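Enquirer: Kindly generate the corresponding structure for this input.
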Amino acid sequence: MIDEPVRSAASRSPSKKIARPPSGTATTAVGTADVEQLHPLSPSHIAALTDRGLDPEIVTRLGVAASEKLGGDAVAIPYFDNGAIVGRKHRGWGEGKRFVQDVGSKQIFYNVDCLRDATLAHEAVIITEGECDAWAAMQCGFQRVVSVPGGAPLERVKDDEGKKYQFLDHALVLLKDAREIILAVDGDGQGHNLRDDLSLRLGAARCKHVQYPRPKEGFDHCKDLNDALLQYGERGVQETLKRARPMPIAGYYELDELPEPGDRPAYEIGIVGMDKHWRMRLGDLTIVTGVPGHGKSGFIDEVCGRMAEKYGWRTVFASFETEAKSDHRRALRTFHQGRLEIAMGQQQKDEADEWIRQHFGFIVPPDDVDDLDLKWFLETSAQAVLRKEAQILVLDPWNQLDHIRPPGMSMTEYVGFAIKQIHRFARKYNVHMIVAAHPAKLDRAKDGKYPMASLYDISDSAHWANRADVGIVIHRPDMANNKALIRVVKVKFSDIIGVPGEIVGLWDRVRGRYTIAEEEGL
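Expert: Numbering: from 1, shown residues only. Down below sits the predicted model:
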């Protein structure tokens with residue numbers, strides 16, 4: 001907390017080195033009539049400066065004089081460029097802080113010549129919203145200080161058609177080597193507009209912003225450097241600038257700026273032997289592939305059923321090759337009751353259906369949807385997972401979506417883009433995303449059997465292998481028996497999720513789940 005008594009201006013030493021106009025007669029771009037209206041600072045001007053905590057001697061050394069404009073209580077503030085006066089601003093002290101500029105005044109930073117001083121090149125550039133704030137910084141020992149000529153905008157300026165920021169064009173070369181720029185503008189809405197506009201144009205990577213101290217008792221606000229000087233003395237200005245923080249850069253954070261990650265535990269699925277290879281986390285993307293008919297959908301159903309039984313997880317299925325009310329219900333009834341649907345009585349069916357209602361929802365395309373594209377799928381899924389409060393979203397299979405590519409985008413590029421969108425969806429909605437994807441057509445061996453597929457065999461792109469968190473292949477070497485290889489071929493976070501490997505499962509169609517061959521001694 002900054003808390004230092006305000007010292008009177010008269011008690012401060014004006015001996016600090018202050019950036020100021022050079023000695024000698026300065027060339028002026030304003031008319032002689034304007035110059036004739038200038039006079040030495042009057043006692044009322046000196047009192048006004050002192051009341052604001054500003055040192056009149058320092059202000060006078062900067063060429064500030066009394067002006068007859070704005071009712072006669074104004075001061076004239078000269079703008080120098082390479083030692084020549086190129087304009088004056090006349091600032092009133094009364095209500096509203098009015099100001100006008102002489103006709104023909106050049107629109108440049110106030111005190112821009114300090115940027116030409118090579119001896120100050122190691123110092124940060126401080127940009128203020130008004131000259132009084134610049135004087136406050138100079139009075140506190142800062143020399144590389146400039147101020148914008150026309151105050152802050154009412155709204156953000158998206159472009160410079162109105163020339164609001166034309167003064168930057170004059171200074172860009174002078175600022176090109178500045179490694180640190182402190183935007184010490186007003187701490188109100190308009191000041192924030194100016195801060196953000198300057199940061200955009202000067203580069204957020206080198207810009208910092210300030211936070212002013214709380215107003216001292218007896219004051220309504222503390223929103224600029226002059227307020228900080230008036231209320232807390234030189235230390236108030238120095239600490240405010242010392243504590244300047246980097247402007248945020250979209251997508252970039254220092255470690256301490258990042259929120260602590262939410263707890264993402266890895267859950268055991270419950271298939272014997274699988275837990276050392278694959279444990280499920282919310283936010284991950286799992287790709288399941290294999291030759292059609294080898295059991296991808298049955299494996300996914302079992303995983304979702306086990307997560308429902310073990311943890312109460314809920315799943316939304318988008319299974320475009322399966323009738324939800326007949327086929328999918330039958331498979332889930334079988335899993336839940338451990339027997340074929342045909343062998344169930346009505347009570348067992350009712351019990352299973354109640355379990356299905358609690359834990360599963362289904363995305364079924366309406367008849368009026370012509371294109372089942374990625375956009376439709378993600379928009380529908382967002383509503384579905386929120387309504388169901390789901391932990392798992394299944395797309396089975398990927399190949400049934402209508403993949404409408406933007407003009408000029410190759411299929412490989414599109415698949416990469418689509419997988420990225422799906423992965424972001426999983427993280428945003430905190431669901432585990434399972435995508436079943438058929439491989440491209442595989443050639444049978446001489447014995448008529450298919451080789452085992454890989455993630456790289458999935459149609460259209462190697463992105464499936466590169467961008468999945470987990471990749472699983474289901475393969476039945478011999479369709480004449482019920483033995484299947486469940487191979488986890490990729491695990492991105494092996495220290496958390498598991499390590500690649502395989503188990504041999506025996507598909508039990510009566511119970512709707514796998515038993516493990518090794519477990520049976522086979």
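Enquirer: From now on I want contacts and neighbour counts done on CA atoms only, so please keep to that.
Expert: Noted.
Enquirer: domain assignment for this protein?
Expert: With domains defined by automatic domain parsing, the chain comprises 9-158+165-246, 285-440+449-520.
Enquirer: Which of those domains sits closest to E254?
Expert: When those are compared for distance to E254 using C-alpha to C-alpha, the nearest one is domain 9-158+165-246, at 10.1 Å.
Enquirer: hmm, who's touching stretch 89-102?
Expert: Where contact means C-alpha atoms under 8 Å, 6 or more residues apart in numbering, the residues beyond stretch 89-102 that reach it are 30, 34, 48, 67, 69-70, 73-79, 87-88.
Enquirer: which one of the residues you listed is nearest R206?
Expert: Taking C-alpha to C-alpha as the measure, R206 sits nearest to Y79 out of those, at 26.0 Å.
Enquirer: Quickly list what that closest one is bridged to.
Expert: With beta bridges defined as DSSP bridges, Y79 has these partners: G87.
Enquirer: SS state for T380?
Expert: helix (DSSP: H, G, I helix; E, B strand; the rest coil).
Enquirer: now swap in H122 and tell me
Expert: Secondary structure of H122, per three-state DSSP, is coil.
Enquirer: Can you say which two of the contacts of stretch 89-102 are spatially most distant?
Expert: In terms of C-alpha to C-alpha, the contacts of stretch 89-102 reach their longest pairwise distance at V30 and A48, which sit 26.1 Å apart.
Enquirer: could you measure the residue positioned nearest the centre of the chain against R235, distance?
Expert: With distances taken as C-alpha atoms, centre = their mean, the chain has G251 as the residue nearest its mean C-alpha position (4.2 Å). Note on G251: its distance to R235, by C-alpha to C-alpha, to the nearest Å, is 34 Å.
Enquirer: One more: A171?
Expert: Taken as C-alpha to C-alpha, the spacing of A171 relative to R235 amounts to 30 Å.
Enquirer: Now for Y267: which residues touch it?
Expert: With contacts defined as C-alpha under 8 Å, 6+ apart, the neighbours of Y267 are R279, M280, R281.
Enquirer: Specify the beta-bridge partners of it.
Expert: M280.
Enquirer: any idea of the mean pLDDT in the helix or strand where I503 lies?
Expert: Following DSSP states H and E, the helix or strand that holds I503 is strand 501-508. The predicted model gives strand 501-508 an average pLDDT of 86.
Enquirer: list the helices and strands the helix or strand just after it packs on?
Expert: Heading C-terminal from strand 501-508, the first helix or strand you meet, by DSSP H and E, is strand 513-516. With contacts defined as 3 or more C-alpha pairs under 8 Å, 6 or more residues apart in numbering; DSSP states H and E, strand 513-516 has these neighbours: helix 296-311, strand 501-508.
Enquirer: if we can go back for a sec, so which other helices or strands are in contact with the strand holding I503?
Expert: In this structure, strand 501-508 makes packing contacts with strand 483-491, strand 513-516, judged by 3+ C-alpha pairs under 8 Å, 6+ apart.
Enquirer: In the stretch 101-250 of the chain, what residue spans correspond to strands?
Expert: Taking DSSP state E, counting those that start in this stretch as the criterion, the stretch 101-250 of the chain carries its strands at 125-128, 145-147, 181-184, 207-209, 245-246.
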